[in-house]
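Trainee: heads up, no residue letters with this:
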């Protein structure tokens with residue numbers, strides 16, 4: 001969890017909202033991948049952070 005020492009409510013709210021948005025996008029992508037591959041949705045994620053980072057390293061060569 002990223003720590004912020006800012007007292008600015010707007011900045012703290014932005015960090016919170018952005019984190020919620022990223023999480024929601026990740027879950028939506030995971031749902032779409034599971035349905036496309038297995039035609040059903042299980043609660044354990046198929047798209048993990050490790051899978052994503054591995055794919056990004058292969059595609060971009062970074063890391």
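Mentor: The structure has been received and is ready for your questions. Predicted, not measured: the structure shown is a model, and the values here were computed from it.

Trainee: can you tell me the helix or strand for the residue nearest in space to the middle of the chain?
Mentor: For the chain, the residue nearest the mean C-alpha position is residue 26 (3.8 Å; CA atoms, centre = their mean). Applying DSSP states H and E as the criterion places residue 26 in helix 9-38.

Trainee: for the record, mean pLDDT for that helix?
Mentor: Averaged across helix 9-38, the pLDDT comes to 91.

Trainee: enumerate every residue touching the residue nearest to the centre of the chain.
Mentor: For residue 26, the contact set (CB atoms under 8 Å, 6 or more residues apart in numbering) comprises residue 47. In this view, the C-beta of every residue, glycine as well, is placed from N, C-alpha and C.

Trainee: can we see that at 10 Å?
Mentor: 45, 47, 48, 49, 52 (CB atoms under 10 Å, 6 or more residues apart in numbering).

Trainee: output these as TSV; include the columns secondary structure.
Mentor: Putting these into TSV (DSSP: H, G, I helix; E, B strand; the rest coil) gives the following:
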residue	secondary structure
45	coil
47	coil
48	coil
49	helix
52	helix
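
Trainee: narrow those to just the buried residues.
Mentor: Burial by neighbour count, 16 or more other CB atoms under 10 Å: within these this picks out residue 47.

Trainee: tell me the two of the contacts of residue 26 that are most distant?
Mentor: Distances among the contacts of residue 26 were taken as CB to CB; the most separated pair is 45 and 52, at 10.5 Å.

Trainee: need the residues touching each of these two.
Mentor: 26, 29.

Trainee: now flag whichever of the contacts of residue 26 is closest to residue 10.
Mentor: residue 49 (28.5 Å).

Trainee: contacting residues for that closest one?
Mentor: Counting by CB under 10 Å, 6+ apart, residue 49 has contacts residue 26.

Trainee: separation between it and residue 23?
Mentor: 12 Å (CB to CB, to the nearest Å).

Trainee: same question for residue 44.
Mentor: Residue 44 sits 16 Å away from residue 23, going by CB to CB.
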